[in-house]
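**Student:** Curious how this folds, go ahead:
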Amino acid sequence: MATQTKLSKWARQASSKVPFFRTYTCHAACQKLAASKTSRAVPFLVSALADSDEEIRRIAKEGLESLDTEESINALVLGYVFTKEESLRRILKALGRDVAEAAELSPVQSSESVLSATPAEQVWQLRNGKDGTVLAFVPEGNFLAGEDNFSVHLGPYYLALTCVTNAQYAQFLAERRPNSAKLTSWINLGHKAAAIHKEGDTYEVDPQNAESPVIWVTWEGAVAYCKWAGLRLPTELEWEKGARGIHGRLYPWGDEWEAGRPQPVAEERKPEEITSVWAYPTARSPYGLYQMIGNVYEWCADWYEDGAYQRYSQGDLRSPQHGQRHVLRGGPWRFGVPACLRTEYRMSTVWRAGTLLCGFRCAKTL
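**Tutor:** So this is what the prediction gives:
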């Protein structure tokens with residue numbers, strides 16, 4: 001049986017856009033994925049169905065049609081949940097699986113309970129060894145972007161289920177041991193609302209806020225964390241696809257504000273307050289991502305450019321190369337005006353230092 005390392009290597013080769021690779025290596029890699037017949041190959045084969053190469057698509061389709069275990073077919077069901085691709089529904093029907101009622105992701109209420117995700121869900125996820133971040137696989141394909149719902153094609157990538165927590169950021173600071181100037185450029189720990197405190201040579205976290213999103217983080221502080229963890233910030237197009245799925249949802253849970261806006265349950269804080277990154281599982285995005293809106297604004301990798309989406313709509317997906325401010329997406333419940341919390345809403349900030357409202361989630365290239 002192929003190891004996860006080999007599967008990931010074949011997936012990267014199969015999705016490569018380098019012209020030389022397209023003639024042989026990509027096809028051979030996709031054939032290896034298809035021949036493995038493992039559930040962990042399913043997300044990569046689903047992603048390959050959106051490849052521009054007809055031969056890649058053919059190999060991937062035949063590989064999915066030959067799935068013969070309950071675990072791999074369950075993983076394919078989730079692929080249909082994530083993409084709603086009609087071709088997957090037909091393949092599942094041929095395999096004897098009715099997806100008239102799409103499967104739902106199991107609720108996760110803490111970092112520990114991620115480990116209890118179903119086997120099918122686990123193959124669509126990646127746990128980062130450095131900091132424990134769990135990332136969801138977002139397969140290659142088109143999605144509807146911006147206010148005008150124009151089509152954008154993105155390659156495959158991973159996006160974190162949640163924002164980085166106070167506990168994770170404190171671990172980063174304890175290991176990196178920044179001097180005072182560097183620390184100030186990364187995060188503002190001087191405010192009374194900060195949950196991380198320097199204690200001697202290390203950093204401690206208020207226990208009740210360990211799984212709340214880290215705040216008061218600058219863009220530079222988010223980039224530094226990602227580099228330490230071996231991850232990166234998402235582009236704003238990657239963030240948006242993760243938040244709204246492929247069909248242009250207005251909110252992560254759907255198109256109706258009142259239908260999905262989370263309400264507090266027993267012993268939870270009000271939605272207007274910053275709370276655990278695992279709270280409100282019913283408000284997750286189509287890929288199972290938590291609080292793509294709610295809690296805090298999230299830094300993206302891009303410089304902010306007013307006309308960026310006009311370029312994107314014309315097929316030029318290059319990120320802005322310069323600017324004065326960086327992109328923030330999402331938003332906190334305390335600014336609970338629906339128009340400002342829609343998945344296509346984008347903003348920048350004049351804040352040079354970290355603020356109460358700024359956090360981030362990580363991404364990873366396939």
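
**Student:** Now for this protein, the helix or strand with the poorest mean pLDDT.
**Tutor:** In the chain, no helix or strand scores lower on mean pLDDT, DSSP states H and E than helix 19-22, which sits at a mean of 69.

**Student:** next SSE after that helix?
**Tutor:** Sequence-wise, the next helix or strand downstream of helix 19-22 (DSSP states H and E) is helix 25-36.

**Student:** in its sheet, what does the longest strand anywhere in the chain sit against?
**Tutor:** Using DSSP state E to assign secondary structure, the strand with the most residues in the chain is strand 297-303. Sheet partners assigned to strand 297-303 using DSSP bridges are listed as strand 326-330 (antiparallel), strand 358-359 (parallel).

**Student:** Mean neighbour count, those strands: which tops it?
**Tutor:** Ranked by mean neighbour count under mean count of other CB atoms under 10 Å, the strands paired with strand 297-303 are led by strand 358-359, which reaches a mean of 28. Using the backbone N, CA and C atoms, a C-beta is placed for each residue, glycine as well.

**Student:** Only the buried residues of the following helix or strand past that strand, if you could.
**Tutor:** Tracing the chain past strand 358-359, the next element assigned as helix or strand by DSSP H and E is strand 363-365. Using 16 or more other CB atoms under 10 Å as the burial criterion, the residues of strand 363-365 that qualify are 363-364.

**Student:** What helices and strands are in contact with strand 363-365?
**Tutor:** Packing contacts for strand 363-365, counted by 3 or more CB pairs under 8 Å, 6 or more residues apart in numbering; DSSP states H and E, involve strand 157-160.

**Student:** so what secondary structure elements neighbour the strand it packs on?
**Tutor:** Under the contact definition 3+ CB pairs under 8 Å, 6+ apart, strand 157-160 sits against strand 134-138, helix 236-244, strand 363-365.

**Student:** Show the subsequent helix or strand relative to the longest strand of the chain.
**Tutor:** Counting by DSSP H and E, what follows strand 297-303 is helix 308-313.

**Student:** quick one: average pLDDT of stretch 246-261?
**Tutor:** Throughout stretch 246-261, pLDDT has a mean value of 86.

**Student:** From the chain's centroid, how far away is it?
**Tutor:** Centroid separation between stretch 246-261 and its chain, computed with CA atoms, centre = their mean, to the nearest Å, is 17 Å.

**Student:** do you know how far the residue nearest the centre of the chain is from residue 124?
**Tutor:** The C-alpha lying nearest the average C-alpha coordinate of the chain belongs to residue 159 (CA atoms, centre = their mean; 2.3 Å). Applying CB to CB, to the nearest Å, the value for residue 159 to residue 124 is 12 Å.

**Student:** what's the overlap in contacts for the two?
**Tutor:** residue 136 (CB atoms under 8 Å, 6 or more residues apart in numbering).

**Student:** What segments of the stretch 1-150 of the chain are strands?
**Tutor:** With DSSP state E, counting those that start in this stretch as the criterion, the stretch 1-150 of the chain has strands at 125-127, 134-138, 141-145, 150-154.

**Student:** what does the shortest one contact?
**Tutor:** By CB under 8 Å, 6+ apart, the list of residues contacting strand 125-127 from outside reads 114, 117, 133-137, 158, 161, 364.

**Student:** The third one too?
**Tutor:** Contacts to strand 141-145, defined as CB under 8 Å, 6+ apart, come from residues 47, 49-50, 83, 85, 150-154, 237, 240-241, 244-248, 309, 312-313, 344.

**Student:** switch the cut-off to 6 Å
**Tutor:** The contact list for strand 141-145, computed with CB atoms under 6 Å, 6 or more residues apart in numbering, reads 50, 151-153, 240-241, 246, 248.

**Student:** Same check on the second one?
**Tutor:** Outside strand 134-138, the residues that touch it by CB under 6 Å, 6+ apart are 43, 114, 124-127, 157-161, 242, 287-288, 364.
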